[in-house]
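K.L.:
build the 3D model from these lines:
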Amino acid sequence: GDVRREEVELLAFLFLLSALGFAFVVSRFYALMVALTVVSALAYNYEPIRLKKRFLLNNSVLAFSRGFIPLVASWSVFSPITSATIYYAIGLFIWVFFWQTTKDIPDVKGDAKFNIRTVPVVLGEEKTIKFIALGTLLFVFYHVFEPALTLLGLWGLLGIRKMKEETFTENTFGWVVFYT
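P.N.:
Numbers count the residues shown, from 1 in each chain. All right, here's what the predicted structure looks like:
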């Protein structure tokens, strides 16, 4: 049968409460990180805030909730948070801030129609690719003494040339590089 929106929202809320409960079992700090991720997702997607529509704030909230927070949260499970934790979390924030934009390139028409001001909508495709290249260089310089992460950045620079090519998945090559 059909499922009403209210039923789906209630189920999602119950899953959210369960996730927070399990997070508290790990630690209060971990639960705080999970809560921040949830708040970020809500602020990104729902009115009246809907950061998804706000140029560069959309990139910032995704980089925070999909880059910075997960690394800090997972690190906290196994060892204390140190300056190294923050160093790597900032690096991941930089990577996600620029490279998550690759998913927006094929969605320009739809995003523009709904007034979602992504980097490709505001800057256009050519400048978006330069934006991603600039971010990749920033990532490489940030991790210049980290060979594996520098290689990831160089892989990204090579991937920029093929950014829009489709892969065997529904995603572009740029999106595959992002998740590498």
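K.L.:
which other residues reach the helix or strand hosting residue 33?
P.N.:
Assigned by DSSP states H and E, residue 33 belongs to helix 28-45. For helix 28-45, the external contacting residues (C-beta atoms under 8 Å, 6 or more residues apart in numbering) are 16, 19-20, 23-24, 49-52, 58, 61-62, 64-65, 69-70, 72-73, 76-77, 81. From N, CA and C alone the C-beta is placed, and that goes for glycine too.
K.L.:
just the buried residues of those residues.
P.N.:
23, 50-52, 58, 61-62, 64-65, 69-70, 72-73, 76 (16 or more other C-beta atoms under 10 Å).
K.L.:
quick one: list the elements packing against the worst-scoring helix or strand of the chain on mean pLDDT.
P.N.:
Of all helical and strand segments in the chain, the minimum by mean pLDDT, DSSP states H and E falls on helix 173-179, at a mean of 73. Contacting helix 173-179 under the criterion 3 or more C-beta pairs under 8 Å, 6 or more residues apart in numbering; DSSP states H and E are the following elements: helix 83-99, helix 147-160.
K.L.:
list the buried ones in the last one?
P.N.:
Right, the one you point to is helix 147-160. So helix 147-160, judged by 16+ other C-beta under 10 Å, has buried residues 149-150, 152-153, 156, 159-160.
K.L.:
how about the first one?
P.N.:
For helix 83-99, the neighbour count (16+ other C-beta under 10 Å) marks 85, 88-89, 91-99 as buried.
K.L.:
now that helix - C-alpha only, PDB.
P.N.:
Once non-C-alpha atoms are left out, helix 83-99 reads as follows in PDB (Å, rounded to 0.1, in the frame of the first residue of the first chain):
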ATOM      1  CA  SER A  83      46.500  18.700  16.500                       C
ATOM      2  CA  ALA A  84      47.100  15.900  14.000                       C
ATOM      3  CA  THR A  85      43.400  15.100  14.000                       C
ATOM      4  CA  ILE A  86      42.500  18.700  13.200                       C
ATOM      5  CA  TYR A  87      45.200  18.900  10.600                       C
ATOM      6  CA  TYR A  88      43.800  15.900   8.700                       C
ATOM      7  CA  ALA A  89      40.200  17.100   9.200                       C
ATOM      8  CA  ILE A  90      41.100  20.400   7.700                       C
ATOM      9  CA  GLY A  91      42.600  18.700   4.700                       C
ATOM     10  CA  LEU A  92      39.500  16.600   4.300                       C
ATOM     11  CA  PHE A  93      37.400  19.700   4.600                       C
ATOM     12  CA  ILE A  94      39.400  21.300   1.800                       C
ATOM     13  CA  TRP A  95      39.000  18.300  -0.500                       C
ATOM     14  CA  VAL A  96      35.300  18.000   0.100                       C
ATOM     15  CA  PHE A  97      34.700  21.700  -0.200                       C
ATOM     16  CA  PHE A  98      36.100  21.800  -3.800                       C
ATOM     17  CA  TRP A  99      35.500  18.300  -5.100                       C
END
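K.L.:
fine by me, we can end here.
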